[in-house]
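Chemist: have a look at this fold, sequence not included:
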């Protein structure tokens, strides 16, 4: 009994997937029941790292998603369109779908999973988050006993590489970004990575799985790492922190019908000062990691390669094998119906989670001020913070440069809205030249 | 539609499982379809941390595994008998089984999984290895695309706690063990932990899943940490290592029909010098971690709490939810038959893996010699090693104590058998007083 796979896209990941199909010995025996039947691509002239027989290749992508012989459609083209439409067409034709496309899933997961549930097919997305690290499957199948309170991770390899290099070399963001672009670790247009959009897509997907409700991407607060300077990294280091771009989704502990606190999630991406002893602090270079916290489990962390042809193809093909397992055991009805679909592997969310605005966040802050070298500046800062209920954990005045003094402040936990009100007032102080940087502290 | 669970054992883990059933809100909705129907225990008079209605409790354990109302039997009694017989009886009565019992699975997995396959039921074992860390499920369902080359981990929390404390305090094994016993981190009889037997059970299970063949526990080379001294830890530190009890299963890369090298696994547990930059080096205290390596994935690591009521109950109940998902979706035939069983969740191994004898292992060694303070001792050692093809990576002569010099040697990779032949000859040298310790280096 064989199952037929149609592959949409033959770029880096697609070629990695095809390579596994061309070399199956020693992998899971179920792979032998699968055949890479047809490959769809848009630029047939483009050189590819892998040879696919010409008769398998087509530029008519629609012919793959409608092919009655194909059981599983694998979408690794990336981008929103035509990926979204092809996925929906594949579902409408009763195909199971495996995709690595975090952008489509985070924006259009609602219509895609709704359509899949109606058609009685699976949409598998392990490769969409954290490349080769199994995290979607564990969230679906290994955490059910828990009340999950937090999902937090380093989900973007490019920015983690840049921050690690800044940390190790003391060089500036712009310098390291240029290097990373030359090495192929960063795109020519690095926006999606360095502005936190890619990590935002991924944390929206993880939050949805962890907390059982869909997430509107617009509700995800996203900041990147452009504002992180070499001096911030150096001060953070002295204070016992490293700076990481963290993607964080939390259900604040207090939320419950008993306390009257509404059940709202925090979902956010921003550069963060992470204490050096924290498990995520030592995740360096292009590696990713995800820290899950739940009751009664405590903390577990998953670490590994978050991108690249091999790791991502590993996740894609493992998803295909999972679909094949369901097909082989007859666990998918010949005529799709929603009664016999596996409740842990299908998406069971039917509503959106409430996400709290960032102004409601309670967090510690790190601020670097440039001030005029006047006596009493520290007193004025302290008074102003105090007036707004912001209490300080540490305050360091460092050297004078170009006639300006640098003051680095770490606050105790404070409501973000109140903190910004304090900062606005500080900004008006004559002695304060500028707020050079502002970062959150884990 | 409800499913009934029978629980065997109400110790630490059993009470943790029952506590989750008594407090289901906010956990996976499938838990609502499950009922903790009966609880079997052996000592009804023993005080328990949880209240179970008297009518649910029985001391007649057999009545649970034969109860026609019960769908899933959860075995958290520990020990070999009666756990093994009860599991087999439950299977014979068509019950699915969830167990945390590494000792039974590593010794009797063969008959248990064979019986389960014949009966068309599942035996789920997530809690048997690494407590709350999802590793069984990822090995079954997230790694299928890969040729796994290595599974390596810190699988015993007690020994990791002891080694971490020795490292941090400089104190001796015996001192720290006594403390750990007082704190409840080590048993009164610590043999299973400190002699590597517990980790041996666990790596046998992981090797079986990773490499697709059953493992005879007698083939697993097991050493513990009793021989690790405070000075070894101090020397290792200077050389850039920490000492960890590693459980290692590898399929040497060279094995393939092409090379003619037989397909034999290494499966072993021993104290190991781990380079400080290695991901496992920073796993401290009672935490566990597992590092999986495969092609094309590369390395992924799972980290978390390896024991304790909460984490272990998290794994047990998540397994129960997985069984409930199969039951609910009708993915388990009403009349059990092996055709409709899920091929990734059932055990599909039908033969034993070949395990290579430890003498064939190629590894680096760390040796600490006590020698008489003679000139030329180092030359004699070097000559002797050279005669047996052992080449040295480093050699340090440290101070003189009680008239004896201490010489610490780290070798390049060498076949263990050849190395021992060299050591035997060195042992006969008049200048050599003793071989104070001998550890492998990762």
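Modeler: On my side now, so go ahead. This one's a predicted model, so the numbers in the text were calculated from it and none came from an experiment. Numbering: from 1, shown residues only, chains lettered A, B, ... in the order given.
Chemist: packing partners of the helix or strand of chain A with the lowest mean pLDDT?
Modeler: Sorting the helices and strands of chain A by mean pLDDT, DSSP states H and E puts strand A:392-401 at the bottom, at a mean of 87. In this structure, strand A:392-401 packs against helix A:230-239, helix A:377-387, strand A:404-411, with contacts taken as 3 or more CB pairs under 8 Å, 6 or more residues apart in numbering or on different chains; DSSP states H and E. No exception for glycine: its C-beta is placed from N, CA and C like everyone else's.
Chemist: show me what counts as buried in the second one.
Modeler: Same thing as helix A:377-387. Taking 16 or more other CB atoms under 10 Å in any protein chain shown as the neighbour-count basis, helix A:377-387 is seen to contain the buried residues A:377, A:378, A:380, A:381, A:384, A:385.
Chemist: which one of these is nearest chain B?
Modeler: Minimum separation from chain B among the buried residues of helix A:377-387 (CB to the nearest CB) is found for residue A:385, which lies at 36.2 Å.
Chemist: what ranges in chain A fall below the confidence cut-off?
Modeler: Confidence mapping of chain A against pLDDT under 70 gives the ranges A:1, A:253-261, A:330-340.
Chemist: so how far is residue A:175 from the residue nearest to the spatial centre of it?
Modeler: Centrality entry for chain A: nearest residue to the mean C-alpha point is residue A:202, 2.8 Å, by CA atoms, centre = their mean. Here the distance between residue A:202 and residue A:175 works out to 27 Å (CB to CB, to the nearest Å).
Chemist: one step back: isn't the residue nearest to the centre of chain A right next to residue A:129, touching?
Modeler: Yes. With contact defined as CB atoms under 8 Å, residue A:202 reaches residue A:129; the gap is 4.6 Å.
Chemist: now do the shared contacts for those two.
Modeler: Residues touching both residue A:202 and residue A:129 (CB atoms under 8 Å, 6 or more residues apart in numbering or on different chains): A:102, A:155.
Chemist: got the phi/psi numbers for residue A:342?
Modeler: Main-chain dihedrals, residue A:342, degrees, to the nearest 10: phi -70, psi 120.
Chemist: I figured it hits residue A:323, correct?
Modeler: No. Under the criterion of CB under 8 Å, residue A:342 is not in contact with residue A:323, lying 10.4 Å apart.
Chemist: okay, and the common contacts of those two?
Modeler: Common neighbours of residue A:342 and residue A:323 are listed as residue A:122 (criterion: CB under 8 Å, 6+ apart).
Chemist: of those two, give the one with the bigger neighbour count.
Modeler: Per other CB atoms under 10 Å in any protein chain shown, whichever of residue A:342 and residue A:323 has more neighbours is residue A:323, with 26 against 20.
Chemist: please tell me how far that one sits from chain B.
Modeler: Residue A:323 is 11 Å from chain B, where distance means CB to the nearest CB, to the nearest Å.
Chemist: looking at this, that residue is in a helix?
Modeler: Yes. Judged by DSSP: H, G, I helix; E, B strand; the rest coil, residue A:323 forms part of a helix.
Chemist: now do the contacts for it.
Modeler: Going by CB under 8 Å, 6+ apart, residue A:323 touches A:3, A:71, A:72, A:96, A:98, A:122, A:124.
Chemist: residues contacting the spatially closest residue to the second one that is not a sequence neighbour?
Modeler: Put plainly, it is residue A:71. With CB to CB, 6 or more residues apart in numbering or on different chains as the measure, residue A:3 is the residue that lies nearest to residue A:71, at 4.5 Å, once sequence neighbours are left out. Applying CB under 8 Å, 6+ apart, one finds that residue A:3 lies in contact with A:33, A:34, A:35, A:71, A:72, A:323, A:324, A:327, A:328.
Chemist: how far away is residue A:419 from residue B:173?
Modeler: According to CB to CB, residue A:419 stands 50 Å off from residue B:173.
Chemist: and for residue A:130?
Modeler: Going from residue A:130 to residue B:173 by CB to CB gives 39 Å.
Chemist: and the residue in chain A sticking out farthest from the centre, what element?
Modeler: For chain A, the C-alpha farthest from the mean C-alpha position belongs to residue A:375; by CA atoms, centre = their mean, that distance is 45.5 Å. Assigning secondary structure by DSSP states H and E places residue A:375 outside every helix and strand.
Chemist: which non-adjacent residue is nearest residue A:213?
Modeler: residue A:353 (3.4 Å).
Chemist: so who does that neighbour touch?
Modeler: When contacts are taken as CB under 8 Å, 6+ apart, residue A:353 is in contact with A:207, A:208, A:211, A:212, A:213, A:214, A:215, A:264, A:265.
Chemist: doesn't residue A:147 make contact with the third one?
Modeler: No. Using CB under 8 Å, residue A:211 is not in contact with residue A:147, being 9.9 Å away.
Chemist: which residues of the stretch 101-250 of chain A lie near chain B?
Modeler: Proximity of the stretch 101-250 of chain A to chain B is assessed by CB under 8 Å from any CB of the partner chain, with A:126, A:132-134, A:137-138, A:141-147, A:212 identified as the residues in range.
Chemist: those in strands, which ones?
Modeler: If you go by DSSP state E, these have residue A:147 in strands.
Chemist: filter the residues of the stretch 101-250 of chain A next to chain B to the buried ones?
Modeler: Buried members of these, scored by 16+ other CB under 10 Å, are A:126, A:132-134, A:137-138, A:141-147, A:212.
Chemist: and the furthest pair within these?
Modeler: Using CB to CB, the pair of those lying farthest apart is A:132 and A:147, separated by 28.1 Å.
Chemist: returning to that earlier point: between the buried residues of helix A:377-387, which sits nearest residue A:425?
Modeler: Among those, residue A:384 lies closest to residue A:425 (CB to CB), at 5.3 Å.
Chemist: how close does the closest one get to residue B:185?
Modeler: Applying CB to CB, one obtains 49 Å for the distance of residue A:384 from residue B:185.
Chemist: in stretch A:425-437, which residues are buried?
Modeler: Within stretch A:425-437, the residues that count as buried by 16+ other CB under 10 Å are A:426, A:429, A:431, A:432, A:433, A:436, A:437.
Chemist: residue A:38 belongs to a strand?
Modeler: Yes. According to three-state DSSP, residue A:38 belongs to a strand.
Chemist: okay, domains of chain A per the record?
Modeler: Taking automatic domain parsing as the reference, chain A has its domains at A:3-132+A:309-340, A:136-305, A:361-441.
Chemist: any chance of the ones you listed in TSV, plus distance to residue B:319?
Modeler: Putting those into TSV (distance: least, CB to CB, whole Å) gives the following:
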stretch	distance to residue B:319
domain A:3-132+A:309-340	17
domain A:136-305	9
domain A:361-441	36
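Chemist: of all these, which one is nearest residue B:276?
Modeler: Proximity to residue B:276, assessed across the domains of chain A by CB to CB, is greatest for domain A:136-305 (11.2 Å).
Chemist: now that closest one, how far from the chain's geometric center?
Modeler: The offset between the C-alpha centroid of domain A:136-305 and the centroid of the whole chain comes to 7 Å, using CA atoms, centre = their mean, to the nearest Å.
Chemist: what separates the first and last residues of it, distance-wise?
Modeler: 15 Å (CA to CA, to the nearest Å).
Chemist: and the helices and strands packed on strand A:392-401 as TSV, adding distance to residue A:193?
Modeler: As requested, those are arranged in TSV below (distance: least, CB to CB, whole Å):
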stretch	distance to residue A:193
helix A:230-239	18
helix A:377-387	34
strand A:404-411	27
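Chemist: which of the residues of the stretch 101-250 of chain A next to chain B fall within helices?
Modeler: Among those, the members falling in helices are A:137, A:138, A:141 (criterion: DSSP state H).
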